[in-house]
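1. kindly return the folded structure for what I paste below:
(4 chains)
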Number of protein chains: 2
Amino acid sequence: MNHPDTSPQTGTDAGLAAVLRMAVGRLARRLRAQRPDSSLSLGQGSVLFTLARHGQPMTPGALADHEKVQPPSMTRIVAALEARGLVRRMRHPEDGRQQLVEITEEGTRLVNSDHQRREAWLTQRLTELSPEEKDVLRRAAEIMDRLSQS
Amino acid sequence: MNHPDTSPQTGTDAGLAAVLRMAVGRLARRLRAQRPDSSLSLGQGSVLFTLARHGQPMTPGALADHEKVQPPSMTRIVAALEARGLVRRMRHPEDGRQQLVEITEEGTRLVNSDHQRREAWLTQRLTELSPEEKDVLRRAAEIMDRLSQS
DNA sequence: TATTGTTATACTCTATAACTATA
DNA sequence: TATAGTTATAGAGTATAACAATA
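-> Numbering: from 1, shown residues only, chains lettered A, B, ... in the order given. Prediction:
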């Protein structure tokens, strides 16, 4: 318990919204600050992970939609990943307007690298949580993703 | 279920860290995009809510620490809130170097305003979740705040 | 000297609008 | 014309470094 928890009622949907908004904002700031200089930005990491998970090349447009950014932002993210050799771009075989973004060997290695991930601040913090707490976070992450897409 | 969930193993701490990082990042972006122009920024809202919850004036330094931003950032946030009449600044009675930031009547009204909060995008989305899902989010918010502070 | 907060400045990430290429 | 992506530009939001005031 952090606070006397006085004024705003947190039992309502609006109260939960306020609390969740703050928690998400603060954790996002903390993650940004904690990220080592050498690592990817939040958006870059998310795109790389999505490509690895999806298992197939995706168009920049589909990535922008999935990550909840506008197309120009995805252009920059993909360009940054490409410059680091983590993804490659190919022409779409059927539609010349589109491109396909594919994760490279090196990108896959980075995503799967235990080293890269074990050294992350968040992973360390998670090891200190109970299995129940981790399960709550796992389920919450799934719900938050659904909220983001809706 | 969103994906075939292939490549990165999400059962490990590192896997959970990756999934949580993405979920937090995406929801933070979505919240930023969805926020109506008239409303406060994420940081401003969070500070105002914190002051209301705390129930007592806080120094800018304490707020910066709590919100996980650096002091200069808090200077800007407090200045913005003050310009809108939502907080006021007072000299610290004992230490002339410090200040005290206090929420105003109008600030309290804004935080507690059902109207302000019911019209928010996130609140609407939350009403569509089951009680169990909302409970997961409520508990996750508490855990995420603890992570942010650690 | 050490600490609190501010000012000056720059960087990162994002967005909107205008443009190019293809359908 | 409509669509996919890029370029140009601007606006948040944040940080570090240097400074002023007080302890």
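
2. now for the residue most central in space within chain A: which residues touch it?
-> By C-alpha atoms, centre = their mean, chain A has its centre lying nearest to residue A:46, at 3.5 Å. Residue A:46 makes contact with A:67, B:21, B:22, B:25, B:26, according to C-beta atoms under 8 Å, 6 or more residues apart in numbering or on different chains. The way it works is simple: take the backbone N, C-alpha and C, and place the C-beta from them, glycine included.

3. by how many degrees do whichever strand or helix holds the second one and helix A:13-34 diverge?
-> Under the criterion DSSP states H and E, the helix or strand holding residue B:21 is helix B:13-34. Orientation of helix B:13-34 against helix A:13-34 (axes from the mean of the first three to the mean of the last three C-alpha atoms, to 10 degrees) gives an angle of 120 degrees.

4. redo the contacts of residue A:46 as CSV? Include distance to residue A:33 and pLDDT.
-> Formatted as CSV, the contacts of residue A:46 follow (distance: C-beta to C-beta, whole Å; pLDDT from 0 to 100):
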residue, distance to residue A:33, pLDDT
A:67, 21, 95
B:21, 13, 91
B:22, 18, 92
B:25, 14, 93
B:26, 19, 93
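
5. so which of these are also by DNA strand C?
-> Among these, the residues lying close to DNA strand C (C-beta under 7 Å from any atom of the strand) are residue B:25.

6. for the contacts of residue A:46, pick the one with the most neighbours.
-> residue B:26 (26 neighbours; other C-beta atoms under 10 Å in any protein chain shown).

7. which one is that residue nearest to, not counting chain neighbours?
-> Nearest residue to residue B:26, sequence neighbours excluded (C-beta to C-beta, 6 or more residues apart in numbering or on different chains): residue A:148, at 4.4 Å.

8. low pLDDT regions in chain A?
-> Filtered on pLDDT under 70, chain A yields the residue ranges A:1-10, A:114-115, A:118-119.
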